[in-house]
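Peer 1: next input, structure requested:
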Amino acid sequence: MDEQRKLAEAEYFLDEMRKSQRFFPDEFQGQLSAFLSAARSVMQYIETKADKKHRLPWFQQLDINSKWCQFFRKKRNLNTHRKPFEPQVLPYPALPAGTHIIDLDLIETYRRRKQEGADESELTALMMTETFNDHVLCIDGCYANLLQSCDEYLEELRLNIVEAHRAGVI
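Peer 2: So this is what the prediction gives:
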């Protein structure tokens with residue numbers, strides 16, 4: 001199964017990123033590029049198979065519900081077609097004072113609560129977490145741990161493969 005092969009390839013490059021992130025920035029950048037391409041291929045393979053079975057609306061709904069797939073697709077396209085995707089590197093062991101590290105779910109919750117009129121103390125508490133890594137993604141002025149985000153992306157891809165099996169697409 002092609003999707004599983006590409007998923008395993010993405011897992012391999014993520015493991016290599018973990019090994020090289022602190023001391024080998026050039027290798028890390030190459031591994032990140034390979035990770036983005038391999039991981040993106042998983043959804044492209046599912047889409048191709050869905051199209052062959054006339055199930056594109058099903059795939060489009062799966063894709064819409066896959067927040068990390070959408071986020072990393074943009075990063076992969078930028079990396080492949082415009083310029084290298086270079087996540088911000090913050091000094092170890094501490095982030096600058098006042099820096100928040102959050103995940104994409106919290107960003108979405110933060111946006112919703114802000115629109116609903118939540119007070120500033122609730123919004124600040126919502127954004128706090130203890131997660132840290134040298135490489136971070138900046139999303140709407142907030143920071144997300146890059147490697148943790150990549151792990152969550154791979155988990156989302158695993159679930160999408162299961163869902164594609166259930167739907168009879170693959």
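
Peer 1: packing partners for the longest helix anywhere in the chain?
Peer 2: Ordering each helix of the chain by length in residues (DSSP state H) puts helix 25-52 first. If contacts are counted by 3 or more C-beta pairs under 8 Å, 6 or more residues apart in numbering; DSSP states H and E, helix 25-52 sits against helix 2-20, helix 56-64, helix 67-81, helix 146-166. All C-beta spots, glycine's among them, are computed from the backbone N, C-alpha and C.

Peer 1: how far does the longest one sit from its chain's centre?
Peer 2: In terms of C-alpha atoms, centre = their mean, to the nearest Å, the gap separating the centre of helix 146-166 from the centre of its chain is 9 Å.

Peer 1: can you give me the angle it makes with helix 2-20?
Peer 2: 170 degrees (axes from the mean of the first three to the mean of the last three C-alpha atoms, to 10 degrees).

Peer 1: avg pLDDT for stretch 52-72?
Peer 2: The average pLDDT within stretch 52-72 is 94.

Peer 1: can you read off the pLDDT for the residue of the chain most remote from its centre?
Peer 2: Outermost residue of the chain with respect to the C-alpha centroid, by C-alpha atoms, centre = their mean, is D119; its distance is 28.9 Å. As predicted, D119 sits at a pLDDT of 83.

Peer 1: for it, give me phi and psi.
Peer 2: Backbone torsions of D119, given as degrees, to the nearest 10, read phi -80, psi 160.

Peer 1: any weak-confidence spans in this protein?
Peer 2: Scanning the chain for pLDDT under 70 picks out the ranges 22-23, 89-107, 110, 123-134, 136-143.

Peer 1: could you rerun that using 90?
Peer 2: Low-confidence segments of the chain, defined by pLDDT under 90: 1, 18-26, 28, 67, 71, 78-79, 84-115, 118-149.

Peer 1: how about the helices and strands packed on helix 25-52 in a markdown table, adding mean neighbour count?
Peer 2: Output for these, formatted as a markdown table (neighbours: other C-beta atoms under 10 Å):
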| stretch | mean neighbour count |
| --- | --- |
| helix 2-20 | 17 |
| helix 56-64 | 14 |
| helix 67-81 | 16 |
| helix 146-166 | 18 |
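
Peer 1: reformat the ones you listed as JSON lines; add distance to Y45.
Peer 2: Formatted as JSON lines, these follow (distance: least, C-beta to C-beta, whole Å):
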{"stretch": "helix 2-20", "distance to Y45": "5"}
{"stretch": "helix 56-64", "distance to Y45": "11"}
{"stretch": "helix 67-81", "distance to Y45": "13"}
{"stretch": "helix 146-166", "distance to Y45": "9"}
